[in-house]
Every structure is written in structure tokens, then in C-alpha cells.
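J.: Below: sequence and its predicted model.
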Amino acid sequence: MSQGPSMQSLVKMINNIMGHNVLSEQQLNKILEGAKKIYDKGGMPAVIQYLMKVTQADVDAQELTQFAENVKNNPQIGMDILEGKKSIRPQKKKR
């Protein structure tokens, strides 16, 4: 099993993407602990709702669920997005 990024590097990547400090390691730890508890009670749909509430994200839950499934099936996608190698929104094909 491969090791993901450290909590510190994950927070740094998120803050870099946002352009300023929006998250500390303590905040991310608290969010992840809450997400685990919610997952144990209600599965991934409950986690999606929890994260949308905690982050006040204005996104479509179905779109976020699909994104989570894509990252679950290919974790490298998530890392590529965090590292700025890929866009979070796929480009639409030209007709």
C-alpha cells in the first residue's frame, strides 16, 4: 500500500491552490476525524454532505460524488489535481 502525502504537505498544497492560508493541520485533522465518524454511520453520501457543509462548498453533490468515485478508482488523479498537473473540471470535447 502506497503512502500518501503527509498532513503538512497536504495542507500546504490546499493553501497553495487557494492562494492563501485557508486551512491548518489541526483543522484538517478535525475535518478528517469528523468525516471518518460520518462515514462509519452513513457511508460516502453522508461524507459528501458533511464535507459540503464543513467547507461551505457551493458544488453539485452528484458532481462531487462522481469526482470522489474517480479519485477512489485512480488516486493519482487527486494528486495530479492537488499538484496543479490537472484541472478539477475536465475540459469539454470540441464537436
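T.: Perfect, thanks for sending it. Numbers count the residues shown, from 1 in each chain.
J.: What degree of burial does L23 show, as a neighbour count?
T.: Residues near L23, counting by other C-beta atoms under 10 Å, number 15. (C-beta placed from N, C-alpha, C; glycine too.)
J.: Equivalent analysis for the one 4 residues further on, please.
T.: Q27 sits with 12 neighbouring residues when counted by other C-beta under 10 Å.
J.: next one: the one 10 residues further on
T.: Residues within reach of K37, counting by other C-beta under 10 Å, total 13.
J.: how close does it sit to T65?
T.: 19 Å (C-beta to C-beta, to the nearest Å).
J.: so after the top helix by length along the chain, what's the next helix or strand?
T.: The single longest helix within the chain, with elements called by DSSP state H, is helix 25-55. As assigned by DSSP states H and E, the chain's next helix or strand after helix 25-55 is helix 61-73.
J.: Remind me what the next helix or strand after that next one packs against, helices and strands.
T.: Using DSSP H and E, the next helix or strand after helix 61-73 towards the C-terminus is helix 75-82. Applying 3 or more C-beta pairs under 8 Å, 6 or more residues apart in numbering; DSSP states H and E, we find helix 75-82 packed against helix 7-18, helix 61-73.
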